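K.L.:
here you go, sequence then predicted model.
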Amino acid sequence: MVEITDRTIGMTSREIYDLKKKLLTKEIEYYRNHIDIFCEEYLNIPLNLYQKVSLRAMAKYNFIVLVWSRGLGKTWLSALYVCCMAILYPNLRIGVIAPSFRQSKMLVEDKIDNDLCIRSDALRQEIVDYKNGTDQIIRKFANNSQIIAIPIGNSGSKIRGGRFSIIIADEYAQMNPNIVQSVIKPMMVAKLDYKVDAHEDEEFFDMKFIAISSAFFKFNHLYEFFKDTIKQIARGSDKHYASCLDYKVGLDVGLYNESVIEEAKRTYSKLDFDMEYDATFPDLSDDNWINPMDLIACSNLMKMDLSFDENYQYIMGLDVARTAGNDNTAIVILKLVPYKKKQVLEKHLVYQKTLNGKTFNEQATAIRKILNKFPCDEIHMDTTGLGLGLLDELAKSSIDPITNEIEPPLCDVNNEEHKKNILDGNFIIHGHKFSLDFNHQLGMSVKQNTQKRLFRMYSQEALDDVTNPTVEEVMVLEEAMKTRREIMSIEAKPRGNFLTFDVPSGGISEGRKDRWTATGLALLGADNIEKNMFRDTNNVITIGAIGRRDFY
């Protein structure tokens, strides 16, 4: 090999190459240890102080848990982190995993493609290949590193056997803990760059597991992971890092203002606000009525079911709130699916909505709109107190704004005045008067249906196969999550011969239990239909043709 001497500096071409390589190696090593500076100098993406600290910690430690307030940019910072690591280290396989594939894809498509790559020309040039599959989203970098978003699935079978250098577990609290232990964490056991007889040195990449999430109940595996991480740090571990940031950090750096927080306090229950914004882990007492694991097991509807099917009955549960204030008017729709083998009905919560600050007239209009989408056979509601005001509005004739057809009054089968005076009414409302006995029955219905797995809700993965979910679909999925939280928080207290049900002691949800009540009303109504539908007469099982539809 002929070496040419550069006359200006007196070095051969080989010496110049070796010097450049040495300088570049030092620069890369510096950026690996100062990843926040790499973001600002190379990617030209400015950062707040809390983001700089977190990025540097994520680059340094191996087991990391970030419990942050909504709006602080957990997923955005994770996306930035994996991009930096993919550039600074060759041949990395970085796995992005979330409870639903939709969430995994969001980190790559929304945060990397549609945000970071727009902010940074340098990042955009580093990505050399884009692959969008039905079960994988891959971004390949010039140095052969890859960011791979994958679905976790119901059992973890879709990702079992995979191997990654870094795992990002987004919304960790909502993941199945069994899948985390048996499928996800084993992905880090085998080294990707292992070679026979190779010595442990700087060429090996020390694998990382990063869990990011909003806070959740203390019974959840997120709290156990967070608590264990804190213990390891207290014992002097140099591999563990934990960060818990509340909404005040967002106020300090100007991510949102006081009005945003005040609106969240007004519209969220205290329970939801504490977890979503205050980054605190609420506890469940021994008095909590519904076993959280029962409710999670009931959350197994894997597809959105927002289209009416005339072969099934539908039932509405309705809890009425004030026209203004912190309470919501909660509406739930159950689809009743006969399970002939067990002679029971599965109650699928296919649709729900909450109304806040609406007049009774506006509430009645919204209910009729939902009934046009899901023509229900029965509506179960409280028809005393506030419920009486809404009942009066529903008992009036109405004009459909789309068809201009007159809609008949919606009447209460238990109301004698309606029976006497409203001859053209549609008697589908079943009005209830709340009492100790009735509340006891309502709570028992929720308990029995969750324990028997007859009550079914949407899974976090219900929108995984939907490319562009609608606003309504996203709203229904979010309502399912809020309903789970609210039901989990309900406590049972003995009162005479009955049980009463309320929010946890100490006002953790500020008295709000509208979703619980609406769900309980619908389930109790469905139980009565179930008893009439499957009844034993002379040892012959008959399926009652209740309502106007045939059943399978």
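P.N.:
Thanks, I have it. Residues are numbered from 1 along each chain as shown.
K.L.:
now I147, what are its backbone angles?
P.N.:
Per-residue torsions, I147: phi -110, psi 120 (degrees, to the nearest 10).
K.L.:
I'd like to know how far it sits from V503.
P.N.:
Counting by C-beta to C-beta, to the nearest Å, the separation of I147 from V503 is 42 Å. The C-beta positions use only the backbone N, C-alpha and C, and glycine is treated the same way.
K.L.:
also L423?
P.N.:
Distance of L423 to V503, given as C-beta to C-beta: 43 Å.
K.L.:
the more surrounded of these two?
P.N.:
Per other C-beta atoms under 10 Å, whichever of L423 and V503 has more neighbours is V503, with 20 against 9.
K.L.:
so that one sits against K513, correct?
P.N.:
Yes. Applying C-beta atoms under 8 Å as the test, V503 and K513 come out as touching, 5.6 Å apart.
K.L.:
overlap of the contact sets of the two?
P.N.:
Common neighbours of V503 and K513, using C-beta atoms under 8 Å, 6 or more residues apart in numbering, are I490.
K.L.:
so where's the stretch 401-550 of the chain shaky on pLDDT?
P.N.:
Within the stretch 401-550 of the chain, the stretches with pLDDT under 70 are 504-511, 535-550.
K.L.:
let's see that with 80 instead.
P.N.:
Applying pLDDT under 80 to the stretch 401-550 of the chain picks out residues 401-403, 465, 467, 503-512, 534-550.
K.L.:
quick one, strands of it?
P.N.:
With strands called from DSSP state E, counting those that start in this stretch, the stretch 401-550 of the chain shows them at 406-407, 410-412, 426-432, 455-456, 491-495, 498-502, 534-537, 540-543.
K.L.:
now those as JSON lines including mean neighbour count?
P.N.:
Shown next, in JSON lines, are the strands of the stretch 401-550 of the chain (neighbours: other C-beta atoms under 10 Å):
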{"stretch": "strand 406-407", "mean neighbour count": "12"}
{"stretch": "strand 410-412", "mean neighbour count": "24"}
{"stretch": "strand 426-432", "mean neighbour count": "20"}
{"stretch": "strand 455-456", "mean neighbour count": "24"}
{"stretch": "strand 491-495", "mean neighbour count": "13"}
{"stretch": "strand 498-502", "mean neighbour count": "18"}
{"stretch": "strand 534-537", "mean neighbour count": "12"}
{"stretch": "strand 540-543", "mean neighbour count": "11"}
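K.L.:
with distance to Q125 as added columns, please give those strands in a markdown table.
P.N.:
Shown next, in a markdown table, are the strands of the stretch 401-550 of the chain (distance: least, C-beta to C-beta, whole Å):
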| stretch | distance to Q125 |
| --- | --- |
| strand 406-407 | 60 |
| strand 410-412 | 62 |
| strand 426-432 | 62 |
| strand 455-456 | 48 |
| strand 491-495 | 57 |
| strand 498-502 | 58 |
| strand 534-537 | 65 |
| strand 540-543 | 65 |
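K.L.:
nearest to V320, of the ones you listed?
P.N.:
strand 426-432 (11.0 Å; C-beta to C-beta).
K.L.:
so what are the sheet partners of that closest one and their directions?
P.N.:
In the sheet, strand 426-432 lines up against strand 378-382 (parallel), strand 410-412 (parallel) (DSSP bridges).
K.L.:
which residues sit against that strand?
P.N.:
Contact partners of strand 426-432, identified using C-beta under 8 Å, 6+ apart, comprise 376-383, 387, 391, 394, 408-415, 418-419, 438, 521, 525.
K.L.:
same question for stretch 218-238.
P.N.:
61, 63-65, 67, 172-173, 175, 177, 180, 211, 213, 215-217, 239-242, 244, 281-284, 292.
K.L.:
need the contact list for M275.
P.N.:
214-217, 281-282, 485.
K.L.:
those in helices, which ones?
P.N.:
When the contacts of M275 are checked against helices (DSSP state H), the matches are R485.
K.L.:
for the strands of the stretch 401-550 of the chain, which one sits closest to V249?
P.N.:
So among these, strand 491-495 is nearest, using C-beta to C-beta, at 32.0 Å.
K.L.:
any idea how far L521 is from D110?
P.N.:
38 Å.
K.L.:
out of the two, which sits in the more crowded spot?
P.N.:
L521 (27 against 14).
K.L.:
one step back: which of the strands paired with strand 426-432 sits closest to Q460?
P.N.:
With distances scored as C-beta to C-beta, the stretch of the strands paired with strand 426-432 nearest to Q460 is strand 378-382 (27.8 Å).
K.L.:
who's in contact with the very next helix or strand once past that closest one?
P.N.:
Per DSSP states H and E, the first helix or strand lying C-terminal to strand 378-382 is helix 386-394. Contact partners of helix 386-394, identified using C-beta under 8 Å, 6+ apart, comprise 318, 320-322, 329, 360-361, 363-364, 367, 381, 383, 409-410, 412, 415, 429, 431.
K.L.:
from the chain's centre, how far out does helix 386-394 sit?
P.N.:
Chain-centre distance of helix 386-394: 33 Å, with C-alpha atoms, centre = their mean, to the nearest Å.
K.L.:
got the angle between that helix and strand 426-432?
P.N.:
170 degrees (axes from the mean of the first three to the mean of the last three C-alpha atoms, to 10 degrees).
K.L.:
I'd assumed I152 was in contact with Q174.
P.N.:
No. If you go by C-beta under 8 Å, Q174 and I152 don't touch, sitting 10.0 Å apart.
K.L.:
anything in contact with each of these two?
P.N.:
Joint contacts of Q174 and I152 (C-beta under 8 Å, 6+ apart) are P99.
K.L.:
comparing those two, which residue is more hemmed in?
P.N.:
Using other C-beta under 10 Å as the criterion, Q174 and I152 rank with I152 on top: 27 against 22.
K.L.:
that one contacts R102, correct?
P.N.:
No. Here I152 does not reach R102: they are 11.3 Å apart, not a contact under C-beta under 8 Å.
K.L.:
from E310, how far off is the residue nearest to N288 when sequence neighbours are not counted?
P.N.:
Residue nearest to N288 in three dimensions, not counting chain neighbours: E491, with 5.6 Å by C-beta to C-beta, 6 or more residues apart in numbering. Using C-beta to C-beta, E491 is found at 40 Å from E310.
K.L.:
do the same with R163
P.N.:
Using C-beta to C-beta, R163 is found at 49 Å from E310.
K.L.:
what about these two, which has more around it?
P.N.:
R163 (14 against 10).
K.L.:
you'd agree the more buried one is up against R93?
P.N.:
Yes. At 6.7 Å, R163 counts as touching R93 under the criterion of C-beta under 8 Å.
K.L.:
picking that back up, the contacts of strand 426-432, buried ones only, as a ChimeraX selection?
P.N.:
The buried residues among the contacts of strand 426-432 can be selected in ChimeraX (16 or more other C-beta atoms under 10 Å) with this line:
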select :376,377,378,379,380,381,382,383,387,391,394,409,410,411,412,415,418,438,521,525
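K.L.:
dump the contacts of M275 into CSV; add neighbour count and distance to L24 as well.
P.N.:
Shown next, in CSV, are those (neighbours: other C-beta atoms under 10 Å; distance: C-beta to C-beta, whole Å):
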residue, neighbour count, distance to L24
S214, 20, 40
A215, 24, 42
F216, 22, 44
F217, 19, 49
F281, 19, 45
P282, 23, 50
R485, 20, 51
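K.L.:
what's the neighbour count on E224?
P.N.:
For E224, the number of neighbouring residues by other C-beta under 10 Å comes to 12.
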